[in-house]
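**Q** Fold the following and give me the result.
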Amino acid sequence: MRRIATILSLLLFLTSCGTRPTKTEQAAPATVPATFRVPVPPAHLTEEGRREYLKAHYWDCFDFADTLFLARIDTAQMFDAFARYIVLLSDRPTDGAPIDTLMRRACSSRRMMDYFAMLADGVLHDPNSPFRNDEFYIPVLRALLAAPWYDEYERIAPEYDLHMALQNRVGERANDIRYTLASGASGTLYGLDAEYVLLFVNNPGCTMCREIREEIASSPMLSEMIERGRLRVLALYPDEDLAAWRDYADQIPPKWINAYDRGCVIRDEGTYDFHAIPSLYLFDCDKRVLVKDSTSVPQIEEVIDRRG
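**A** Below you'll find the model as predicted:
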């Protein structure tokens, strides 16, 4: 959250606008990359007003018909600009309408569509991106599939990504999971009776998995909820090397459910997108998704705390 706040504060103080070069830029060597800058909000607006202004006008200075500009643009700077735009939208993380509008503007040509799809893939879909968000990425994929420029082979990847993004959306009931314990006994996600269920997808030997496991275990809030039975933690191993999983078993706290996906059914049937591990999902008592594919324990705590 601190990183998001920092980026947003920097964004609100950007002072120039436009994709066209200034006179100074025109005199510069042709090798100097062109840059994109966002509009300047009116000075009389409050910080919240400036944020809303930028949401509505962020791309006003970008000429979506100018594909030649893409040959001169500083793409690293554009990735940064796109990420800053996502930060602006972060107060409504399930509202994909602004991204849908953006992609409609980008569909002026295949080259422009490809460029913005590339930016979106890096910011919204890459497993290492802190701004990863399926609800924002779904309009991008739908725009690609609706565009007239792609053949059946080029559609395979976005069709698959859309299928996966539509699984277990925030606010919807999750796909069920059948898990198996070391004893051979099995159970299901929907069979877990608790106010909340935290799914912790992990692998043996994964450094970040260990860090998240320790962070959950050291959280006073989550520890108390686990102790009282309000929160069940399902630590799920999704892969095939059961010997490694069994060797790792004593690292999982005894009050957690330590299980594996027998036969890798989840992977083969595509009911959850585990392309990045570790992964956290939070479900309510009806198994509706509250947090999807996260690595942030504070986010889990925040969502539970907000619900009272």
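**Q** switch to C-alpha atoms for all contacts and neighbour counts from now on
**A** Will do.
**Q** OK, contacts around the residue most central in space within the chain?
**A** By Cα atoms, centre = their mean, the chain has its centre lying nearest to residue 132, at 2.1 Å. Going by Cα atoms under 8 Å, 6 or more residues apart in numbering, residue 132 touches 123, 124, 125, 126.
**Q** Please tell me how far the last one sits from residue 104.
**A** Separation of residue 126 from residue 104 (Cα to Cα, to the nearest Å) stands at 22 Å.
**Q** ranges for the helices of the protein?
**A** 2-12, 23-26, 47-57, 67-72, 75-88, 97-106, 110-120, 134-146, 156-165, 207-217, 220-228, 242-247, 265-269, 297-306 (DSSP state H).
**Q** and of those helices, who's closest to residue 175?
**A** For the helices of the chain, distance to residue 175 was read as Cα to Cα. The smallest value, 9.7 Å, belongs to helix 265-269.
**Q** Return the distance of that closest one from the chain's centre.
**A** 21 Å (Cα atoms, centre = their mean, to the nearest Å).
**Q** Residues contacting it, please?
**A** So helix 265-269 is in contact with 177, 238, 272, 273, 274, going by Cα under 8 Å, 6+ apart.
**Q** can you check stretch 292-299 too?
**A** So stretch 292-299 is contacted by 168, 169, 170, 212, 215, 216, 278, 279, 280, 281, 282 (Cα under 8 Å, 6+ apart).
**Q** Buried among those residues? Need that as a selection in ChimeraX.
**A** Burial among these is assessed by 16 or more other Cα atoms under 10 Å; the matching ChimeraX selection reads:
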select :168,169,170,212,216,278,279,280,281,282
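**Q** ok, so of the contacts of stretch 292-299, who is nearest residue 50?
**A** Distances from residue 50 to those, taken by Cα to Cα, are shortest for residue 170, at 28.3 Å.
**Q** Quick check: beta-bridge partners of the residue lying closest to that closest one once chain neighbours are set aside?
**A** Excluding its sequence neighbours, the residue lying closest to residue 170 (Cα to Cα, 6 or more residues apart in numbering) is residue 289, at 4.8 Å. On the basis of DSSP bridges, residue 289 is bridged to residue 283.
**Q** Residue 289 and residue 173: what is the separation?
**A** The value you get for residue 289 to residue 173, if Cα to Cα is used, is 6 Å.
**Q** who has more neighbours, these two?
**A** residue 289 (20 against 16; other Cα atoms under 10 Å).
**Q** Does that one touch residue 176 like I think?
**A** No: between residue 289 and residue 176 there is no contact under Cα atoms under 8 Å: 11.6 Å.
**Q** residues near residue 56, how many?
**A** 11.
**Q** And for the one 4 residues further on?
**A** The number of residues packed around residue 60, counting by other Cα under 10 Å, is 15.
**Q** What is the burial count for the nearest residue in space to it that is not next to it in sequence?
**A** Nearest residue to residue 60, sequence neighbours excluded (Cα to Cα, 6+ apart): residue 39, at 7.3 Å. By the criterion of other Cα under 10 Å, residue 39 has 20 neighbours.
**Q** okay but residue 39 is in contact with residue 57, surely?
**A** Yes: here residue 39 lies in contact with residue 57, judged by Cα under 8 Å, at a distance of 6.9 Å.
**Q** circling back: need the contacts of stretch 292-299 in JSON lines (columns: distance to residue 196 and pLDDT).
**A** Formatted as JSON lines, these follow (distance: Cα to Cα, whole Å; pLDDT from 0 to 100):
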{"residue": "168", "distance to residue 196": "16", "pLDDT": "96"}
{"residue": "169", "distance to residue 196": "17", "pLDDT": "95"}
{"residue": "170", "distance to residue 196": "14", "pLDDT": "94"}
{"residue": "212", "distance to residue 196": "18", "pLDDT": "96"}
{"residue": "215", "distance to residue 196": "18", "pLDDT": "97"}
{"residue": "216", "distance to residue 196": "14", "pLDDT": "97"}
{"residue": "278", "distance to residue 196": "19", "pLDDT": "93"}
{"residue": "279", "distance to residue 196": "16", "pLDDT": "93"}
{"residue": "280", "distance to residue 196": "13", "pLDDT": "95"}
{"residue": "281", "distance to residue 196": "10", "pLDDT": "97"}
{"residue": "282", "distance to residue 196": "7", "pLDDT": "98"}
